[in-house]
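Engineer: predicted structure and sequence below. I'll ask about it afterward.
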Amino acid sequence: MQIEIISGSPRKDSVTYRIALHLQEHLRKHTDHMVGIIDVREWKLPLLETVFSSVDQTPEAYKPLAKRIFAANAFILVTPEYNGSYAPALQNLLDHFPKQTRKAFGLVTASVGAMGGMRASQQLLLLVPGLFGIASPHMLIVPQVDKKFDAAGQLTDPGFQGATDNFVREFLWLAGNLLPETVAEKRTVYN
């Protein structure tokens, strides 16, 4: 299965990017899935004017991104909370592509405060059906993200490992059950 983790913070020193790094390493270590990170900071997408409905219809500068989006079987959205919602850069990236029909979405929100982006998680629950995707009901809410993960994405709070494991297990279950049969026959089970 091809999983793309979309890191939605445009900030240079994003602390939520640490979670994307951690999840990528965790999934690579415990599964045989292909796991990439799409970092919104690497793509200077303009405000939406046209939807990239295929790789061929995508402007040359964004074709590598389009290939990854179209090839993905499932997504994990990682975002900080901005004014009670997810990052606008994440929305802008997703808006450039057609609906992600029947694809699984894992939802991860974070903040340096005690709420962990809880309000943003609720907004993501409204976004995913709008994309025709299916959200895993088990979200990963990360309060005090700067104290849980270091800059390299290593977990520094061992007490948070259980939350990460539960999130990954539930996301993979959903993603595996939404795969077309030809891909599903090759799926692996998360340990």
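Structural biologist: Sure thing, it's come through. Numbering: from 1, shown residues only.
Engineer: helix or strand with the lowest mean pLDDT in the protein?
Structural biologist: helix 181-184 (a mean of 52; mean pLDDT, DSSP states H and E).
Engineer: what's the longest helix seen in the chain in contact with?
Structural biologist: Ranked by residue count, the top helix of the chain under DSSP state H comes out as helix 161-178. Contact partners of helix 161-178, identified using CB atoms under 8 Å, 6 or more residues apart in numbering, comprise 1, 3, 22-23, 26-27, 30-31, 33, 73-74, 76, 102-104, 106, 108, 134, 136-140, 155, 184, 187, 189-190. (Glycine included, C-beta is placed from N, CA and C.)
Engineer: return the subset of these lying in strands.
Structural biologist: Among the contacts of helix 161-178, DSSP state E puts Ile3, Ala74, Ile76, Ala104, Gly106, Val108, Ile134, Leu140 in strands.
Engineer: ranking by neighbours, what's the top pick from the residues you listed?
Structural biologist: In terms of neighbours by other CB atoms under 10 Å, the ones in strands among the contacts of helix 161-178 top out with Val108 at 30 neighbours.
Engineer: now it: how far from Gly8?
Structural biologist: 9 Å (CB to CB, to the nearest Å).
Engineer: who touches both of the two?
Structural biologist: Applying CB under 8 Å, 6+ apart, one finds that Val108 and Gly8 are jointly contacted by Thr16, Leu77, Val78, Thr79.
Engineer: which stretches of the protein form helices?
Structural biologist: Remark: helices assigned in the chain by DSSP H are 17-30, 63-71, 88-95, 118-130, 145-148, 161-178, 181-184.
Engineer: and the angle from the fourth one to helix 88-95?
Structural biologist: Right, helix 118-130. Put simply, helix 118-130 runs at 10 degrees to helix 88-95, going by axes from the mean of the first three to the mean of the last three CA atoms, to 10 degrees.
Engineer: other SSEs contacting helix 118-130?
Structural biologist: Applying 3 or more CB pairs under 8 Å, 6 or more residues apart in numbering; DSSP states H and E, one finds that helix 118-130 contacts strand 74-80, strand 104-110, strand 134-135.
Engineer: so which bits of that helix are buried?
Structural biologist: Within helix 118-130, the residues that count as buried by 16 or more other CB atoms under 10 Å are Met118, Arg119, Ala120, Ser121, Gln123, Leu124, Leu127, Val128.
Engineer: in a markdown table: these, plus distance to Ile69 and pLDDT.
Structural biologist: Shown next, in a markdown table, are the buried residues of helix 118-130 (distance: CB to CB, whole Å; pLDDT from 0 to 100):
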| residue | distance to Ile69 | pLDDT |
| --- | --- | --- |
| Met118 | 27 | 94 |
| Arg119 | 26 | 94 |
| Ala120 | 21 | 95 |
| Ser121 | 22 | 95 |
| Gln123 | 21 | 95 |
| Leu124 | 17 | 96 |
| Leu127 | 15 | 96 |
| Val128 | 15 | 97 |
